[in-house]
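Visitor: build me a structure from this.
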Amino acid sequence: MTQNSAQGASAPMIDIRQISKWYGDFQVLTDCSTQIARGEVVVVCGPSGSGKSTLIKCVNALEPFQKGDVVVDGTSIADPKTNLPKLRARVGMVFQHFELFPHLTVTDNLTLALPCCSMNRPRRSIRRWWAKCSTSWSSSPKRA
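Guide: This is a model prediction of the structure:
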């Protein structure tokens, strides 16, 4: 039994708990908290320099933070016993520019981190979502 199943079905898949991050004297993140349910897709948006990429990198333990905790499926990334490569293999994230693979399609970039055994269903969902987005973008009026 995993920690998450012991906590019940309502436990969040990702629980960001008051994380704060500094680069020297400059505080990039201040007490950021949110919960993300299993299967939920989240977009982090905001102005340039507001800490979006830093927050996402903290969730995947690619960037250390000085205060708070991030718990992924019942596992604290701040715990020194956490197997970070194993945890990172379970957390998918897509960055905005150069971190995408230019030789892959949008769908392939979005589904790259999904486990092989469950690829078909999420790929179909993403293709339907992408088709809907593409249609709405092409039918929206052009702005000057």
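Visitor: in three-state terms, label the closest residue to Met13 other than its chain neighbours for me.
Guide: Excluding the flanking residues, the one nearest Met13 by CB to CB, 6 or more residues apart in numbering is Arg38, at 4.2 Å. The way it works is simple: take the backbone N, C-alpha and C, and place the C-beta from them, glycine included. Classification of Arg38 by DSSP: H, G, I helix; E, B strand; the rest coil places it in coil.
Visitor: and the pLDDT at Arg38?
Guide: With respect to pLDDT, Arg38 has a value of 87.
Visitor: all numbers from here: first residue = 261
Guide: Okay, using 261 as the starting number, the last item reads as Arg298.
Visitor: show me what contacts it?
Guide: 272-273, 333 (CB atoms under 8 Å, 6 or more residues apart in numbering).
Visitor: could those go into a markdown table alongside pLDDT?
Guide: Below are these laid out as a markdown table (pLDDT from 0 to 100):
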| residue | pLDDT |
| --- | --- |
| Pro272 | 92 |
| Met273 | 91 |
| Asp333 | 90 |
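Visitor: buried residues in the helix or strand containing Lys281?
Guide: Assigned by DSSP states H and E, Lys281 falls within strand 274-283. For strand 274-283, the neighbour count (16 or more other CB atoms under 10 Å) marks 274-277, 279, 281 as buried.
Visitor: low pLDDT regions in this structure?
Guide: 261-269, 352-359, 372-387, 389-404 (pLDDT under 70).
Visitor: so which residues of it form strands?
Guide: Using DSSP state E, the strands of the chain run over residues 274-283, 286-296, 327-332, 335-336.
Visitor: who touches the second one?
Guide: When you say that, I think you mean strand 286-296. So strand 286-296 is contacted by 272-282, 302, 311, 314-315, 318, 325, 327-328 (CB under 8 Å, 6+ apart).
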